[in-house]
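Trainee: Only the shape, not the letters, is given here:
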């Protein structure tokens, strides 16, 4: 398994990477390479140039900025999983990071690379949606932020423009009393998500006054499940309310099917995993 | 033509020119002739190619050699010090943790990553840590035992200096 | 010195593997070596209408490109099969050739069409993209049951209804009569799904022609170097056998898939002769999925009849076996002589009849995969037994105890003559099941299951009591059954002048640990340290003509050949010792590495005798110098290991996900030389059998596209899919080989699959679910529960 020939270019800064993108029409951005190199090995993708941004220092940090946490695009899944800042402030991300692929993949794969690739079965999108992350991108016209809920367009497609680079993720600091979890029914061969469900909620006097529920793996793109959220707002998390909400899960969504999970089964799993997520909170 | 890279493999420094598309595993196998690292699949699934890059287990079939420029790499050939087996190598031997031996180098490298982070892993943690490595021979039973053996030995070494 | 046999000696071969010094075929780098990439058909059934290699040939770095036309023009026919099975009418099976490269019609996705040879493998791959091939697609026949229908697309024009053979075994009228009188008949129709073998080392082959000596060397990842050489030289390439050397050094797992002679081996050998440089080919995993012979793929209907007391009366089986597009080396034997002959199981069933249709389809060839035929037979029988127990409201263990063949040791009592041709060597079946029940704490487990059910927990307990035939041989018997080769083994024991010993064996180790087990035997019998013994295998130029390793035969047959040679060494050594001690041979005894005059302390050591044999100054008159013996061992019978397996599972009632909680096995593989290695063999076997039940299965669509040809889609068992195994053994020695051993390589696989499926069905019994098709994926289990819940029978 050997990729087609390409030219390797290493960028020292984001701006340099953007210039390189402008100069090379068939170039692709290389971060950890764990989405891109596999498809290049299979020769399903043959960019003429790879622009390696993995050594750009500004893309490698996890930091607090005001009331947000910013994760650089080239931070690896493992770095997120083991970050004390993430573990204390955004534990759902550490939880999700630990469920991605396997240890070797987590050691090399990056959050930016995964999000830009937009695999419908990837783990990250669910928790990005549930934490209301903003995806920070930069292009020749400067920087802009895209809400995670707008970022994922469809199967392997995002709002990222051809000359833009995903530079990081900005996540508003959750309320101190918020609770969250990411649960996953794993595809047994690839270890991607057949269903991944992220829930972030805040309770007030036993009643939910803020809840975000998102699914990955279920459809061609990850999505916020507003029906479920509405069904639970203002309610207590008792078995009846959970059951009623679970019935709403993945309703009205075009559900995927394959030889591991038909659309009917996948939809069922979305309900079960939502229930399990809620029961754990 | 080639891209110059500088890597340290098993404590030995190498300056080489590589093709952009050369995967790290082929650099190790074909250029450095370190054939202990194996290729078992094309989809980053089997883990036979696992090596340690800058302290972390990675799949060398999913990494370009140029990405490793400047890195310190340990392969199975570099694990034993002066002929003294590493506790993991010893563990695999003592507990019959290998049969055909093909997946073994990758298994040992993944286990090394685990024990670096968690010196006293439970059986469940060991099994979870091996999810990126396939073995067709052992049913994993003795691989788990081998890693438990190594973990105990390494803890003892730490305690007794 | 304590006996070495029976000791859990750590493996000699480990050191090179744990330090990265193993030498697998792809590790071999030869001067001037070129690299090959093979272009394969993307279609299951198509005609090649156009092929143009000129652009590829013109590319810099490309050495040669060959197509099916070149092969045909060279007069090369194709790789043959090694076993002949006849129609029940007596007609010979259909045996179409399997070309090295297809010239006209491709017959499965993966059929080889062209080979591109270049200076590097990257260039070979690049050039392959420049080869223009056009195909005209045809409707394929993918599933065996459809392929035999009238009007189905034909895989080979001379095989009507795609039938390779229509074979039978047993007494049809007696069986029909038995079932007609049965009080209860349990009937099941089931799939034994197709599996991809997935040795973690992909196959690799290097052809190396050396003009200076006019010799060829083939380095190849095979379980069977001599047979590959024989088939390739005599039946494919027409090369002089003595000028071809086949080397198979370290091999990264086989599981059957590396027994066979594959087209790539002959291709690289032939190409090397053409371009006069070494040619290396190593499979990519996607190629392994398409071209390593698959396993299983049976569709069967089976009926098992009982009297009102639960005594089994008769078994009738009809099986349709998918053979794939071409006959692989052992393909015809697997669904016939390795399957029908095992339908007696451990039970005294008085009447058995089986009819098997071997069917060509436009799919990857199917051949022996760990267990080969015996897992299919065991799956069928053991599913029937648990199903019958449920239907007859009996305990599944009790039903088995009622029907076990009584014990026989093969010495004081004769072997057991089955209704399906074989004669079991020795057996004692009750103890293994009794012990397995104790190990699992059966009574309490049933209570736990009952308690669980009250709380919505779905726990299941499944049984399998299996027998298998291994140590495959004897030659005369397998010859009568259609084998085109003998099934003996060769073993040479060469005592070196210093008393060290080199053993050359025709067996091949690819994970089994022969270098240790065989050395233990030699050390034990000769009374010398194990590190004085070197085991050599896997090279036709150094080892005598061997039959390779498969069918759990190496210790029983290969080990016995070594024992025979050791006996010859001791016999000749005794003459030399007697001469040195000036005593009569009859007055000597050989023990602990020395010959001693009985009742005295006068002795001569093994090393002194060996030195004398090679420096024969003071030497018996008329005796040849040297201490070096070869033997061929052709056993009197197969060996018949058996055992009892119990699986405990829990089913998630919401998702259908099955978790294997416990797996208990009590096996009897005869005497054991190295219990640590045998445990390892059982563990690995169990994982493969369990994985068939729960995880694995090749999926083709109706157009013959392989839908799960990668590790992203084909579920391999991982560490977190399996529990620690609980295993023990009983010992009923094999009466007919000198070691009393039976074989352990396949037992785990053969026994475990039905135990797991039975356990899942037991867990689902409250839903009235009688059958599920493997693999028991979460969705299948969930769907079955859904249907039954929505329907009726949901009784607790």
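Mentor: That came through, no problem. These numbers come from a predicted model, not from an experiment.
Trainee: What about the residue nearest to residue C:457 when sequence neighbours are not counted, how many residues nearby?
Mentor: Nearest residue to residue C:457, sequence neighbours excluded (CB to CB, 6 or more residues apart in numbering or on different chains): residue C:650, at 6.8 Å. For every residue, glycine as well, the C-beta is placed using N, CA and C. By other CB atoms under 10 Å in any protein chain shown, the residues close to residue C:650 number 20.
Trainee: Against which helices or strands is the one helix or strand residue C:650 maps to packed?
Mentor: Per DSSP states H and E, residue C:650 falls inside strand C:642-651. Helices and strands touching strand C:642-651, by 3 or more CB pairs under 8 Å, 6 or more residues apart in numbering or on different chains; DSSP states H and E, are helix C:429-440, strand C:458-467, strand C:658-668, helix C:747-763.
Trainee: of the ones you listed, which approaches chain B most closely?
Mentor: helix C:747-763 (7.8 Å; CB to the nearest CB).
Trainee: Could you check the closest one against chain A for contacts?
Mentor: No: Helix C:747-763 stays out of contact with chain A when judged by CB under 8 Å from any CB of the partner chain, the minimum separation being 15.2 Å.
Trainee: average pLDDT for that helix?
Mentor: For helix C:747-763, mean pLDDT rounds to 98.
Trainee: list the helices and strands that helix packs on?
Mentor: helix C:374-391, strand C:458-467, strand C:642-651, strand C:658-668, helix C:675-694.
Trainee: so how many other residues sit close to the spatially closest residue to residue C:597 that is not a sequence neighbour?
Mentor: Counting by CB to CB, 6+ apart, residue C:597 lies nearest to residue C:583, which is 5.0 Å off, once chain neighbours are set aside. Neighbours of residue C:583 under the rule other CB under 10 Å: 18.
Trainee: Beyond the host helix or strand of residue C:302, next helix or strand please.
Mentor: Using DSSP H and E, residue C:302 falls within strand C:295-306. Following strand C:295-306 in sequence order, the next helix or strand is strand C:312-324 (DSSP H and E).
Trainee: which residues does residue C:359 contact?
Mentor: C:144, C:147-148, C:162-164, C:320-323 (CB atoms under 8 Å, 6 or more residues apart in numbering or on different chains).
Trainee: the strands in the stretch 101-250 of chain A, which residues?
Mentor: Assigned by DSSP state E, counting those that start in this stretch, the strands in the stretch 101-250 of chain A fall at A:134-139, A:142-147, A:152-154, A:157-158, A:165-172, A:179-186, A:193-204, A:207-216, A:223-224.
Trainee: Compute the inter-axis angle for the strand holding residue C:302 and helix C:747-763.
Mentor: Orientation of strand C:295-306 against helix C:747-763 (axes from the mean of the first three to the mean of the last three CA atoms, to 10 degrees) gives an angle of 60 degrees.
Trainee: quick one: buried residues of strand C:295-306?
Mentor: C:295-300, C:302-306 (16 or more other CB atoms under 10 Å in any protein chain shown).
Trainee: if we can go back for a sec, strands paired with the strand holding residue C:650, and their directions?
Mentor: When sheet partners are counted by DSSP bridges, strand C:642-651 sits next to strand C:458-467 (antiparallel), strand C:658-668 (antiparallel).
Trainee: quick one: average confidence on the shortest one?
Mentor: Spelled out, that is strand C:458-467. 98.
Trainee: okay, the angle between that strand and helix C:429-440?
Mentor: On the basis of the same axes, to 10 degrees, strand C:458-467 is oriented at 150 degrees to helix C:429-440.
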